[in-house]
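Engineer: Whatever this is, show me its structure:
(one chain, ligands or ions: 1)
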Amino acid sequence: MSKTLIIKDIDDYKRKLDIAYQKWQKNNFSEKWIENLKNYYVPSTDLWNFVKLLRARKKLPEEKYKKLEEKIFKDFEEIEKILSDVLKVFRAEEEAFKKAGIKEGKVTYTCPLCGGTAVAVRYKYGGRYHGLGSHCPNCGFSHT
Ligand SMILES: [Zn+2]
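Structural biologist: Predicted coordinates for the structure are as follows:
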C-alpha cells in the first residue's frame, strides 16, 4: 500500500521538507531512512525532487542549496499553474457544450484564462472524444 506524496503549495512544500529533514537528522542521515521514504510513496516527479532537495540540503553549501530549491519550487509552481489552467478550460468547455445542447461539434465560449473568445472542438473518433482544434486565439491556449 503506497501513498502519493501530495504537495499543495510552496508553503506546504517547505513545511514538509523541514519535517522530513528533521526526521532524517534524528536518524543520523541514514541512507536507509531515505530509501524507506522513497519506497513509502508512489514514484512521482514531486517525490523525486523532494528527495533530491533533502539530499542537497545536507550536502550543499547553503547558497547552492537555496538556488536549487528556488529552481525546483519554480518548476513546481509552473506545473501547478498549467494543471489548474487546463482544468479551468475543460470546465468552461463542458459548460459551453451543455449550454449549446450538443455533445459534438464546435462552440465558442469565454476563455477563463484571458476573457477572450475561445473555440472548443469536440468529436468522437475510435470511441473516444477528441478536442483537436480547441484553442483561444487571444491568449494562445490550445489542447487536443
Ligand atoms: Zn484565452
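
Engineer: Mind jotting down where the helices sit in the chain?
Structural biologist: 10-26, 31-40, 45-59, 62-100 (DSSP state H).

Engineer: deepest of the ones you listed, which one?
Structural biologist: Burial of the helices of the chain is given as mean neighbour count (mean count of other CB atoms under 10 Å); helix 45-59 ranks first at a mean of 16. Backbone N, C-alpha and C define where each C-beta goes, glycine included.

Engineer: So which residues make contact with it?
Structural biologist: 5, 7, 13, 16-17, 20-21, 24, 29, 34, 37-38, 41, 64-65, 68-69, 72, 75-76, 79 (CB atoms under 8 Å, 6 or more residues apart in numbering).

Engineer: Helix 62-100 and that one, what's the angle between them?
Structural biologist: 170 degrees (axes from the mean of the first three to the mean of the last three CA atoms, to 10 degrees).

Engineer: Give me the angle between helix 45-59 and helix 31-40.
Structural biologist: Going by the same axes, to 10 degrees, helix 45-59 makes 170 degrees with helix 31-40.
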